[in-house]
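Student: Would you be able to build a 3D model of this:
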Amino acid sequence: MFQRNIYRKLQDWAGNCNHKPLILRGARQVGKTTLVNEFSKEFENYIHLNLERENEARIFELSDSVEEIIQLCCFQKKIILKEGRTLLFIDEIQNVPKAVALLRYFYEDMPNLFVIAAGSRLQSLLKERISFPVGRVEYLQLAPCSFSEFLGAIGDTQYKKAVETATLPPLLHAEAIKRFNLYTLIGGMPEVVANYAENKDLMRLQPIYNTLLMGYDEDVEKYAPTQLQTQIIRHILKTGWNKAGQTIKLGNFGDSNYNSKEVREAFNIMEKAFLLELVYPVTSVRTPATSAFKRAPKLMWLDTGLVNFAANIQTELIGNKDIIDTWLGAIAEQVIAQELKVLSNDHYIQHLNFWVRDKQGSNAEVDFIWQQGTTLIPIEVKAGHNAHLRSIQSFMDLSPGNIAVRVWSGPYSIDRVTTPKGKDFRLVNLPFYYVNCLPLILQSIV
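Tutor: Below you'll find the predicted structure:
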């Protein structure tokens, strides 16, 4: 199995003498269990509990003492603890809310124990009256594989290092774009990536996509508290994939009769399961970036490969050399949102945003914004000449900043641009494969 970039963060966590229990968040099938199982090899002792199993969930009903719980775990699993470090992994912890509450006591009563908890529906407990151990736990989020992780998985380690450090030789630009287009087609679900890395056969991937989608559909009852929300979520899973990267209307979504409030609640449940994100606009060009929740959001799913399969556009994507030409550019926005989401997690940014001008009659819209320091940077996913970047120019006319970004299939460069109103700014032309090192590049040119 290939190594995930987040592995280094797990090592940093374990190397901290004041480590707290770690909650690992992320959608089902993004590799949480595989990651922790691999990480467990660095410990002398490993206790793995899956609270979807009734006999393992029942352990937390037998005692309120974390020391006794560990003893029961070892007795039930026939584990004899050796000298050295012990890792306890509690998988699907949301199935036993009491186990969530007890995390604070692992931290207070057994500080030398290393505890990782995971659950794709853990966020759903926030609305329940559960005692979350605020201040007693740490968090990490695992997403589908990023482009750089994809390169590592398929053995292109030199390309991986080059795109992570923005040091790719210009003569290899076309080859790097080919690899990014392949990543856009396949996506980053670990089982899919691992299968492709081994077999290099796109046809073998289709049953995996299908199984993943069926699994999410079968999980709906676990996510939704009411029958109506179950129906709406199933409707979104059936009709929503072809809305990826597009601005959506919540009321009557997918030609349904569901109202805006009902659909919003269903989307909120799916967001908490990390299946998708509703990306809302901001109307200001200055920090802080405050989402305008009354405006229409864009729909971004967890993985571009699942989007391509579910929306049946894989054939179209294979035939195009430039992903901006595919599906009116929506798949390009989807995959860039996926890359930016990984960056957001690394920089403790909670939500993605795009920008719309707050002026009646204006249709100026920038695909994404990125906060670098105290400055909002506009990002457009677009080909073409600088004269066609009207929305970025509208943003820059209002902004105190002097840097904008265009993500495209062309090579890396920086242009000097003057808006029709006379504002001078630098336009960073960023190849798709360099999105992962956007903060590094911005830091180097400020």
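Student: Would you tell me what the next helix or strand after the lengthiest helix in the chain is?
Tutor: Determined from DSSP state H, the single longest helix within the chain is helix 330-346. As assigned by DSSP states H and E, the chain's next helix or strand after helix 330-346 is strand 353-356.
Student: hmm, who's touching that following strand?
Tutor: Residues external to strand 353-356 that are found in contact with it (CB atoms under 8 Å, 6 or more residues apart in numbering): 279-283, 285, 289, 291-292, 295, 298, 362, 364-369, 376, 378, 395. For the C-beta atoms, the positions are set from N, CA and C on the backbone; glycine is no exception.
Student: Alpha carbons of it, as PDB, please.
Tutor: This file holds the C-alpha atoms of strand 353-356, laid out as PDB (Å, rounded to 0.1, in the frame of the first residue of the first chain):
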ATOM      1  CA  ASN A 353     -15.200  30.100  -0.900                       C
ATOM      2  CA  PHE A 354     -15.700  31.800  -4.200                       C
ATOM      3  CA  TRP A 355     -16.400  35.500  -4.900                       C
ATOM      4  CA  VAL A 356     -19.300  37.400  -6.400                       C
END
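Student: what pLDDT, on average, does the helix or strand just after it get?
Tutor: Once the chain leaves strand 353-356, the next helix or strand it forms, by DSSP H and E, is strand 365-366. In this model, strand 365-366 has a mean pLDDT of 95.
Student: list the buried ones in the helix or strand hosting residue 266?
Tutor: Using DSSP H and E, residue 266 maps to helix 260-272. Neighbour-count burial for helix 260-272 flags 262, 263, 264, 265, 266, 267, 269, 270, 272 (criterion: 16 or more other CB atoms under 10 Å).
Student: about what we covered before: out of the contacts of strand 353-356, which are buried?
Tutor: Buried, going by 16+ other CB under 10 Å: 279-282, 285, 289, 291-292, 298, 364-369, 376, 378, 395, out of the contacts of strand 353-356.
Student: got any ranges where this structure has weak pLDDT?
Tutor: Applying pLDDT under 70 to the chain flags the ranges 121-132, 315-328, 361, 383-387.
Student: For the residue nearest the centre of it, give me its contacts.
Tutor: Geometric centre of the chain, nearest residue: residue 143, 4.2 Å, by CA atoms, centre = their mean. Shown in contact with residue 143 (CB under 8 Å, 6+ apart): 26, 30, 188, 274, 302, 338, 341, 342, 345.
Student: Include distance to residue 66 when you put the buried residues of helix 260-272 into CSV, please.
Tutor: Below are these laid out as CSV (distance: CB to CB, whole Å):
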residue, distance to residue 66
262, 41
263, 42
264, 39
265, 36
266, 37
267, 37
269, 31
270, 33
272, 27
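Student: Closest one of those residues to residue 20?
Tutor: Taking CB to CB as the measure, residue 20 lies nearest residue 272 of the buried residues of helix 260-272, at 22.3 Å.
Student: Helix, strand, or coil at residue 284?
Tutor: coil (DSSP: H, G, I helix; E, B strand; the rest coil).
Student: Quick check: closest non-adjacent residue to it.
Tutor: residue 290 (6.9 Å; CB to CB, 6 or more residues apart in numbering).
Student: which other residues reach stretch 335-342?
Tutor: 143-144, 146-147, 183-184, 188, 245, 277, 279, 298, 300, 302-304, 323, 352, 367-368, 370, 379, 381, 407, 432, 435-436, 438.
Student: Quick check: residue 300 vs residue 258, distance?
Tutor: According to CB to CB, to the nearest Å, residue 300 and residue 258 sit 20 Å apart.
Student: Sorry, slip of the keys, the one I care about is residue 13.
Tutor: Distance from residue 13 to residue 258, by CB to CB: 42 Å.
Student: Tell me what residue 378 is bridged to.
Tutor: Residue 378 has the following beta-bridge partners by DSSP bridges: residue 369.
Student: Contacts only, for it.
Tutor: Per CB under 8 Å, 6+ apart, neighbours of residue 378: 355, 366, 368, 369, 391, 392, 395, 396, 399, 404, 405.
Student: Alpha carbons of the helix or strand where the fifth one lies, as CSV, please.
Tutor: Put plainly, it is residue 391. Following DSSP H and E, one finds residue 391 within helix 390-398. C-alpha atoms of helix 390-398 as CSV (Å, rounded to 0.1, in the frame of the first residue of the first chain):
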residue,chain,number,x,y,z
ARG,A,390,-12.9,40.2,-16.6
SER,A,391,-14.1,38.8,-13.2
ILE,A,392,-10.5,38.8,-11.8
GLN,A,393,-10.1,42.4,-13.1
SER,A,394,-13.3,43.4,-11.4
PHE,A,395,-12.0,41.8,-8.1
MET,A,396,-8.6,43.5,-8.4
ASP,A,397,-10.2,46.9,-9.0
LEU,A,398,-11.7,46.6,-5.6
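Student: which outside residues touch it?
Tutor: Residues outside helix 390-398 that contact it (CB under 8 Å, 6+ apart): 285, 355, 357, 362, 364-366, 378, 380, 402, 404, 406, 417, 419-421, 423, 425, 427.
Student: try 7 Å this time
Tutor: 285, 355, 357, 364-366, 378, 380, 404, 419-421, 423, 425 (CB atoms under 7 Å, 6 or more residues apart in numbering).
Student: Throw those residues into JSON lines and include distance to residue 138, thanks.
Tutor: As requested, the contacts of helix 390-398 are exported to JSON lines (distance: CB to CB, whole Å):
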{"residue": "285", "distance to residue 138": "34"}
{"residue": "355", "distance to residue 138": "32"}
{"residue": "357", "distance to residue 138": "39"}
{"residue": "364", "distance to residue 138": "40"}
{"residue": "365", "distance to residue 138": "37"}
{"residue": "366", "distance to residue 138": "34"}
{"residue": "378", "distance to residue 138": "33"}
{"residue": "380", "distance to residue 138": "35"}
{"residue": "404", "distance to residue 138": "35"}
{"residue": "419", "distance to residue 138": "44"}
{"residue": "420", "distance to residue 138": "49"}
{"residue": "421", "distance to residue 138": "47"}
{"residue": "423", "distance to residue 138": "43"}
{"residue": "425", "distance to residue 138": "39"}
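Student: Closest one of the residues you listed to residue 152?
Tutor: For the contacts of helix 390-398, the nearest to residue 152 is residue 380 (28.7 Å; CB to CB).
Student: where's the strand or helix carrying the closest one relative to the chain centroid, distance-wise?
Tutor: Element membership for residue 380 (DSSP H and E) is strand 375-381. Centroid separation for strand 375-381 versus its chain: 19 Å, with CA atoms, centre = their mean, to the nearest Å.
Student: quick one on the thing from earlier: the more surrounded of residue 13 and residue 258?
Tutor: residue 258 (21 against 16; other CB atoms under 10 Å).
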